[in-house]
Structures are given as C-alpha cells and as structure tokens.
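Undergrad: whatever this is, show me its structure:
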Amino acid sequence: MTVAAPGKISPELTGTSEKVNVQIELPFTPERFHVLAFQQYGRVSGTDEHSIELRGVKRTDLNAVARPYWVTAVGPIKEGG
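TA: Reported below is the predicted structural model:
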C-alpha cells in the first residue's frame, strides 16, 4: 500500500504551501469510520456520494491519506462541484 500511495496523489497538489485542501475519492459512499479515520489529518468539511473533503492537510501527510487500499485518488477539492 505504501508503494501505491504516491500514484494516487494528483500532480495538481504540488506546490510550496505547508497545507492543502483535498478531495479523497472512494469506490463507495463514505461511512462514519472513514470520516473518523481522516480527521487525524485535517478537518472534514463534507462528503458526497464517493468522496470526502479534507481541509488543512499537511503535505507531509498526503501519502498517509492516500495509503488505505480503499482510497482511489487524492486531488484538490472540486470547487462548486
């Protein structure tokens, strides 16, 4: 899982800021367990049918966010989506 994690992170998240806002894509509807699991990395600001919005994630934590096998992608939050 550790080897696959960097490949799940969007190149759009490159930059120099210490923290980023991300949208974590899942192959299913997130449940309470998934929301609680990500709260250790940032502030959950919402969920939808197949994703969780997480704000204030340290760049150094992006691989940890992408590591679970049930995460399919990590990218920037889709504004207005």
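Undergrad: so the most centrally placed residue in the chain bridges to which residues?
TA: Centroid check for the chain by CA atoms, centre = their mean gives residue 24 as the closest residue, at 3.4 Å. Beta-bridge partners of residue 24, counted by DSSP bridges, are residue 52, residue 74.
Undergrad: what's the pLDDT at it?
TA: Each residue has a pLDDT score; the one for residue 24 is 98.
Undergrad: which ones are touching it?
TA: 38, 51-54, 65, 71, 73-74 (CB atoms under 8 Å, 6 or more residues apart in numbering). The way it works is simple: take the backbone N, C-alpha and C, and place the C-beta from them, glycine included.
Undergrad: at 10 Å instead, please
TA: Residues near residue 24 by CB atoms under 10 Å, 6 or more residues apart in numbering: 8, 30, 34, 38, 41, 44, 47, 50-54, 57, 65-66, 68, 70-75, 77.
Undergrad: same check, this time on residue 35
TA: Residue 35 neighbours (CB under 10 Å, 6+ apart): 44, 46-47, 52, 54.
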